[in-house]
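>>> turn this into a structure:
(chains A and B)
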Amino acid sequence: MDKKILTRMGDGERLWLSESDVKTDIEDGTADAAKRANIPVLNENEKKQLFDIIADPARIVSVNPGEEVIVTDDGCSMSFYSGQDGGGVGIPMSRMQAVLTYERASGGDTTSIGHSDYSFKPVKPIINFEKNDYYNISMVSTAPLFYGAQPNMGLYFQPDGPCPNPSELLPAGKIAEALQAQEDAADHLTRDLVYVGKKMAEVGCEGLNLDTSGSAGDADFLAALRAVKTLKQSIPDLPIVMGASGEFIIGMHGDVTYQNQRLAGLYPHEQAMVVSDAGADVFGLAIGTNTTASVAWNLSRTVTFLKEAAATSPIPVHANVGMGVCGIPMMEQTPIDSVTRVSKALVQIGKADGL
Amino acid sequence: MGGIRTSGDLVAWMQITRRMKIHEAKAYVAKKLKIDLLDLTNEEVMRPIREELGIGVVTSVAGSPKGIRAKIKIAELLDISIRSVDLFKSQL
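This is a model prediction of the structure:
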């Protein structure tokens, strides 16, 4: 009789799956990723390794000594003082206290701060507040301190921003107008990203994180690439992490290019190349979790995407392991059994340079 | 890797300032510290090294370097430019 394995679905539901079901999910997951991105599937050893990680009876698992990788974050210390919608635990503490707690009590390899909205646009009017906080914290923190936010081009469309909203133009058949609106929004976004980056650099910024780039589509990703290139040209020693927002760049526009490379539809191994070409120092890989499939299926897909990206990228690749990303179940309190299995697999099989 | 408990911050500095992948970054830091790769995450080894080098330790030792004082030493140890350190030094 098939042995049962205690595992989870992508929405976090805990369930017992048979060994054969887990193996089938691993097969299907890697095949799906390989087919979509036109990359190799996991080999037999890697599939067995992944099965062993998922089937491990221990509550939590880890890599072997010597295989550890570093962790960068997207405002992790903000979770100490923010609320539920930011994954926060609501402890009344300052940003500086939160960063130092993360650095010294949690042992974070890097730390970061960012605007509560975690978008670049709202930073502009309060840039001097952010510069002051960043400078003060950087004087007392020891680990690399990033300033991070999301490009979030959606904020540049009406009613939140100056550009006509493509979501209204497209259904009305105004295709050219919708494309133009995205190009205009991308120009606004590029200017803001460069503005904030340069201002933070004035106070000794140790690193900038453009997190979840491309969340509003290919023009959003383009704006981030252009900003990275401009910032690196003027401030070459400013470390920049550029993270993606999904397994492929969504073609909301469809025709925008970066150095003659069409951005729509690029998969992680291709995303890493354009991010590297722009001048970023670390690429953040993000694969959405399918809530109706098992952790085994989701993780097998993610590891397949990651393995190719890590092998071909000229720069370090960090896999995003937040709620509902890279095989982590989509839930507010991510279960530690799944988090550790995902982390172990991403490092041991996917060869991530960091998480 | 444990951040300033061990050597995670040092490895991170090498990734973000030199675009080093994980194995290269770890090898670089281990060589600078004159330790085995395996000891990069060994608290028993890293704690006294960090205290001796003045690059910040995780528990609070009164008067010992932390923050910008530790980062000045980290930049020298790793032979890298840390932007906050460069700004601080320019203001002395």
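>>> mind listing what residue 60 touches?
Defaulting to chain A. A:I336, A:D337, A:T340 (C-beta atoms under 8 Å, 6 or more residues apart in numbering or on different chains). Bear in mind the C-beta positions are built from the backbone N, C-alpha and C, glycine included.
>>> oops, I was thinking of chain B
A:R104, B:K66.
>>> quick check, A:A224 in contact with A:A244.
No: counting by C-beta atoms under 8 Å, A:A224 sits too far from A:A244 to count as a contact (9.3 Å).
>>> re earlier: adding pLDDT and distance to chain B, write the contacts of A:I60 out as TSV.
Putting the contacts of A:I60 into TSV (pLDDT from 0 to 100; distance: C-beta to the nearest C-beta, whole Å) gives the following:
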residue	pLDDT	distance to chain B
A:I336	96	18
A:D337	97	22
A:T340	98	15
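>>> now, those residues that are in helices?
Among these, the members found in helices (DSSP state H) are A:I336, A:D337, A:T340.
>>> so what's the first one up against?
To tie it back to what came earlier, the one meant is A:I336. Residues in contact with A:I336 (C-beta under 8 Å, 6+ apart) are A:R59, A:I60.
>>> again, but for the last one
Counting by C-beta under 8 Å, 6+ apart, A:T340 makes contact with A:I60, A:V61, A:S62.
>>> which residues are in contact with each of A:A224 and A:A244?
Joint contacts of A:A224 and A:A244 (C-beta under 8 Å, 6+ apart) are A:S213, A:G214.
>>> those two: who's more crowded?
A:A224 (32 against 28; other C-beta atoms under 10 Å in any protein chain shown).
>>> circling back to that earlier point, show me which of the ones in helices among the contacts of A:I60 is closest to A:S106.
Of all the ones in helices among the contacts of A:I60, the one with the least separation from A:S106 (C-beta to C-beta) is A:I336, at 14.7 Å.
>>> excluding chain neighbours, what is closest to the residue in the stretch 51-200 of chain A that chain B sits nearest to?
Going by C-beta to the nearest C-beta, chain B is nearest to A:D109 of the stretch 51-200 of chain A, at 3.4 Å. Spatial nearest neighbour of A:D109, excluding adjacent residues (C-beta to C-beta, 6 or more residues apart in numbering or on different chains): B:G8 at 3.4 Å.
>>> that neighbour contacts A:L355, correct?
No: counting by C-beta under 8 Å, B:G8 sits too far from A:L355 to count as a contact (11.5 Å).
>>> the more surrounded of the two?
Neighbour count, other C-beta under 10 Å: between B:G8 and A:L355, B:G8 has more, with 27 against 20.
>>> could you pull out the helices for the chain?
Picked chain A for this. A:19-37, A:44-55, A:78-81, A:95-104, A:127-140, A:166-169, A:175-201, A:218-234, A:268-278, A:295-312, A:336-348.
>>> try again with chain B
B:8-18, B:22-33, B:43-53, B:67-78, B:83-90.
>>> dump the helices of chain A into TSV; add distance to B:F88 as well.
TSV is the format used below for the helices of chain A (distance: least, C-beta to C-beta, whole Å):
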stretch	distance to B:F88
helix A:19-37	45
helix A:44-55	44
helix A:78-81	25
helix A:95-104	17
helix A:127-140	7
helix A:166-169	45
helix A:175-201	15
helix A:218-234	21
helix A:268-278	29
helix A:295-312	35
helix A:336-348	35
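>>> any idea which of those helices scores lowest on pLDDT?
Out of the helices of chain A, the stretch the model trusts least by mean pLDDT is helix A:78-81, with a mean of 92.
>>> and it, what does it pack against?
helix A:95-104 (3 or more C-beta pairs under 8 Å, 6 or more residues apart in numbering or on different chains; DSSP states H and E).
>>> contacts for the helix it packs on next, please.
Counting by C-beta under 8 Å, 6+ apart, A:73, A:76-78, A:80-81, A:93, A:108, A:111-113, A:133, A:136-137, A:140-143, A:145, B:3-4, B:58, B:60 sit against helix A:95-104.
>>> let's see that with 7 Å instead.
For helix A:95-104, contacts defined as C-beta atoms under 7 Å, 6 or more residues apart in numbering or on different chains pick out A:76-78, A:80-81, A:108, A:111, A:113, A:133, A:136-137, A:140-143, A:145, B:3-4, B:58.
>>> neighbours around the closest residue to B:R50 other than its chain neighbours, how many?
Residue nearest to B:R50 in three dimensions, not counting chain neighbours: B:V57, with 4.9 Å by C-beta to C-beta, 6+ apart. Neighbourhood size, B:V57 [other C-beta under 10 Å]: 23.
>>> PyMOL command for the buried members of the contacts of helix A:95-104?
The PyMOL selection below is limited to those of these classed as buried (16 or more other C-beta atoms under 10 Å in any protein chain shown):
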select buried, (chain A and resi 76+77+78+80+81+108+111+113+133+137+140+141+142+143+145) or (chain B and resi 3+4+58)
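>>> who in chain B is up against chain A?
Residues of chain B found near chain A (C-beta under 7 Å from any C-beta of the partner chain) are B:1-5, B:8-9, B:11-13, B:15-17, B:19-22, B:37-38, B:41, B:56, B:58, B:66-68, B:70-71, B:81-84, B:86-87.
>>> now list the buried members of the residues you listed.
With burial judged by 16+ other C-beta under 10 Å, the buried subset of the residues of chain B next to chain A is B:1-5, B:8-9, B:11-13, B:15-17, B:19-22, B:41, B:56, B:58, B:66-68, B:70-71, B:82-84, B:87.
>>> quick one: contacts for A:E247?
A:Y267, A:P268, A:I287, A:G288, A:F305.
>>> neighbours of the second one, how many?
A count of nearby residues for A:P268, using other C-beta under 10 Å, gives 33.
>>> from A:I240, how far off is it?
To A:I240, A:P268 is 18 Å away according to C-beta to C-beta, to the nearest Å.
>>> now swap in the third one and tell me
Distance from A:I287 to A:I240, counting by C-beta to C-beta: 22 Å.
>>> can I get stretch B:52-64 in PDB, CA atoms only?
Output of stretch B:52-64 as PDB, limited to C-alpha atoms (Å, rounded to 0.1, in the frame of the first residue of the first chain):
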ATOM      1  CA  GLU B  52      38.700  40.500  17.700                       C
ATOM      2  CA  LEU B  53      38.300  42.300  14.300                       C
ATOM      3  CA  GLY B  54      35.900  44.800  15.700                       C
ATOM      4  CA  ILE B  55      33.300  44.100  13.000                       C
ATOM      5  CA  GLY B  56      30.300  43.800  15.300                       C
ATOM      6  CA  VAL B  57      29.000  40.900  17.400                       C
ATOM      7  CA  VAL B  58      25.400  40.000  18.000                       C
ATOM      8  CA  THR B  59      25.200  40.400  21.700                       C
ATOM      9  CA  SER B  60      25.800  43.800  23.100                       C
ATOM     10  CA  VAL B  61      29.300  44.300  24.500                       C
ATOM     11  CA  ALA B  62      29.500  47.700  26.000                       C
ATOM     12  CA  GLY B  63      31.800  49.900  24.100                       C
ATOM     13  CA  SER B  64      32.500  47.400  21.300                       C
END
